[in-house]
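> coords please:
(one chain, ligands or ions: 1)
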Amino acid sequence: MEEYLREHELLIAEDRSHRVDADAFGVASDTEKQADQILRRIRAEEHETVWSRAAPEIPGAAHVFPGMEFLTARETILKTKLFRAVAKMPKGTLLHSHLDATVNARVLLNIALKHPAIHVRTSTRLTAETIHNVLPEFCPLPQDQWTSLGSLTDSVYEQGSGSAGFNEWAVCALTINPTEAYHTHNTTAKIWEKFLSTFAVARGLVWYMLIFVEYVREFFLSSIEDGILYIETRIPFWYKYMIGADGQENVPHREWLLVYDEVIAGVKRDLAAQGRSDEFVGSKIIYSAVKKDLTCEGLEWFLEDCIALKQEFPHLICGFDLVGPEDPLPPLINFIVPFQRFVTRQKVLDLDIPFILHAGETLGDGTAADMNLYDTILLGTKRIGHSFSLAKHPKLMELCRERNIAVEMCPISNEILRLTGSMPMHPLPILMNQGVPITLNSDDPAVFGNMGLSFDFFQVLIVSEVTGLLTVKALARDSLKHNQYTAHPGDTFIWSTLQKRICSSLACGMPLSRPESPASTHADATSRKTRHRVDYYARTHNAISLWHAHDLALARAECLPKIAVLRASVPPLRTRYFAIRDELRDQYRLELGRAQTKYLGDHYFKVFDALHFMQMRPPPPYQLEVRGRMHELNLWQEGHLKACVMAYHVWKSEARHCRLKIRELRKEIAGRFLWRDFARMRWERVRMKWAAVCAFKQGIRGCDPSRACGGGASGSISVRV
Ligand SMILES: O=c1[nH]cnc2c1ncn2[C@@H]1O[C@H](CO)[C@@H](O)[C@H]1O
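Numbers count the residues shown, from 1 in each chain. Purely as a prediction, here's the structure:
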């Protein structure tokens, strides 16, 4: 039995080490790990108190469970501690949203009702019986057509119950409710009918310039409140004109963008005045055309329009997309000729408008909508919108990994549009743990009620026992990497500040120091279990999983070749070496964000330094046995540098399941890498992690632990030499 349990543990450890969670754990600070533990405990508690059969009933729910239908659970979610914690988290960037469904329906209505030009009509007379099946048609009218009839919102109006009744009716038409999603329209085709009708209703409100200005501002402000730093939104350009202040349909696309730009500037100005300028860096637009009734000639028009806008607003237009329900509408392959011409035109005009296409938002496997995934990749898409069906395609997942194509997952949207019955069935964890870059998105929050990104983050967290805060932090961080934001010279600083903020303030966003926080009550059983798990995780995962983390980080960042070149080309001249090394590190800091830089800085560079300052005499090859496979480590071959890192980590963590034959390696290092080497490096302060110091203590002659001082919450200490 003991032997079995050991194998059981090993298998779990090995499996976990392949998950993205292991990467996330490998690069976390101690404070973040602590926050992660707290969050896990809250989640475990609420699994019992909120999401179990023993928990209070949720109105309208046949079954209560974590990740249950969002629309039924929404009010309950709002009350959970887990949600309140997640709401405080910085979310990174929002990369998939349709602008005309981004402002809360009631807020939109309130904005609209201030404008006397807004009129409403219905196709049939409203009665108590018909009201539930009749949609309002909103329209801003020119002043000479304003009606003298009484307002629909008057309490005297015979059919409604005053303005409250009117509001309810309008909000129902602008949103999807649980009865529709889970009963009356419970298939993808039916719910899309209802879904599209909400856009038809919103059209008469949003595409009126006087409302549009306030609407876009509201979208930004509510996103910023939820911790969103930057937004790429899809704007539908299939209506050639918006209705202007005079009630005429005469505002062309370029004026939409002028206004959009002004709103961004206004919001940034206001934030700056409040000393909050690092909370929002701006927004860009993914030009969107709709596939419905689209011909190749029609698409040519949109593509040319997009090019013209890009030429005038290069800082705003950041991509091109085709939208609409994929199952019934024509596939991407129908439009390859205009798409290819678009690419050629851009080369001639020296423009860069990448495709950022929807694909695979379907339950199909081999259907036209599913096959869109092939074309989107062949067309060179930067990211893929949804790619719900991607998990069925091993080669395409590999290509996403290799080409760093992020998928814009919209879990709540997928559930409400009936691609999945509930969150536990959603493919996100599959894609994530296959190493596909993932960003989390709200899609059409005004229709679904998932404003901001907190709800989508919550739904991902609640359905796993393994995925935790550190993983969702990695998702947020990835959203900083996979966007089209290109820093204007003065913005570089702000962008890197924000990267820092997202990585470091995450833990601060957690209720670490609140009195009601369970942080300090380590005594209860759940806590002990969690701590146990985390200890175990740290012990057994570090060696292998950190290696994977490195492998991934290096592959993603493509920094190994650069390091290899450095390694090969720089003579062992210390000053020159450090100058170049530090330059590289700064470059990574900008490119990768703090977490990975820290990783590279604290671990990779340290090992690299150590190796560099050992004499150049080639040592014998060393053998490393991992999971039964022997790896040969040749310290001096460039390609094996990462094997050295691996050896270092294995050595450092002394994981039980990795038997590393490194006695000779240790001796070699002990003999060559003396403590005084550090002194000679003229580092005034060498900061290193406690674990690293332990490793030095164990393996390196001359290390005097009494020189180690400092310490603290971050888990790092200072060593004076
Ligand atoms: O999840 C989606 N997949 C594809 N198209 C969508 C989705 N959400 C919205 N739209 C499309 O965007 C338009 C509004 O800008 C909607 O009319 C719909 O066609």
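> going forward, measure contacts and count neighbours with C-alpha atoms only.
Will do.
> Buried residues in stretch 250-258, which are they?
Counting neighbours by 16 or more other CA atoms under 10 Å, one finds that the buried residues in stretch 250-258 are 251, 253, 254, 256, 257.
> so where's the stretch 251-400 of the chain shaky on pLDDT?
When residues are selected by pLDDT under 70, none of them lie in the stretch 251-400 of the chain.
> quick one: contacts for the residue in it positioned nearest to the ligand?
Closest approach of the stretch 251-400 of the chain to the ligand (CA to the nearest ligand atom) occurs at residue 324, with a separation of 3.5 Å. Listed by CA atoms under 8 Å, 6 or more residues apart in numbering, the contact set of residue 324 reads 290, 291, 292.
> go again using 6 Å as the cut-off
Residues touching residue 324, when contacts are defined by CA atoms under 6 Å, 6 or more residues apart in numbering, comprise 290, 291.
> What values do phi and psi take at it?
The phi/psi pair for residue 324 (degrees, to the nearest 10) reads phi 120, psi 160.
> And it, how close does it get to residue 119?
28 Å (CA to CA, to the nearest Å).
> ok, now residue 322?
Remark: distance between residue 322 and residue 119 (CA to CA) = 31 Å.
> residue ranges for the strands of the stretch 151-300 of the chain, please.
Taking DSSP state E, counting those that start in this stretch as the criterion, the stretch 151-300 of the chain carries its strands at 228-236, 242-243, 249-251, 282-290.
> Correction: the previous question concerned the stretch 301-450 of the chain.
Counting by DSSP E, counting those that start in this stretch, the strands of the stretch 301-450 of the chain are 317-323, 357-359, 383-386, 406-409, 438-440.
> could you dump these to CSV with mean neighbour count?
As requested, the strands of the stretch 301-450 of the chain are exported to CSV (neighbours: other CA atoms under 10 Å):
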stretch, mean neighbour count
strand 317-323, 23
strand 357-359, 29
strand 383-386, 28
strand 406-409, 27
strand 438-440, 28
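> Throw the ones you listed into TSV and include distance to residue 366, thanks.
Supplementary listing: the strands of the stretch 301-450 of the chain in TSV, determined by distance: least, CA to CA, whole Å:
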stretch	distance to residue 366
strand 317-323	20
strand 357-359	13
strand 383-386	16
strand 406-409	19
strand 438-440	23
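> looking at the ones you listed, which is closest to residue 237?
Comparing the strands of the stretch 301-450 of the chain by their distance to residue 237 (CA to CA), the top pick is strand 317-323, with 10.5 Å.
> Report all helices and strands that the closest one contacts.
Counting contacts by 3 or more CA pairs under 6 Å, 6 or more residues apart in numbering; DSSP states H and E, strand 317-323 packs against strand 282-290.
> how does it look with 7 Å?
Here strand 317-323 touches strand 282-290, strand 357-359, going by 3 or more CA pairs under 7 Å, 6 or more residues apart in numbering; DSSP states H and E.
> So which other helices or strands are in contact with the longest one?
Read it as strand 282-290. Counting contacts by 3+ CA pairs under 7 Å, 6+ apart, strand 282-290 packs against strand 228-236, strand 317-323.
> Identify whichever of the ones you listed lies nearest to residue 94.
Closest approach to residue 94 among the helices and strands packed on strand 282-290 (CA to CA): strand 228-236, 4.8 Å.
> Which residues does that closest one contact?
The set of residues external to strand 228-236 that reach it, using CA atoms under 7 Å, 6 or more residues apart in numbering, is 90-99, 279-289.
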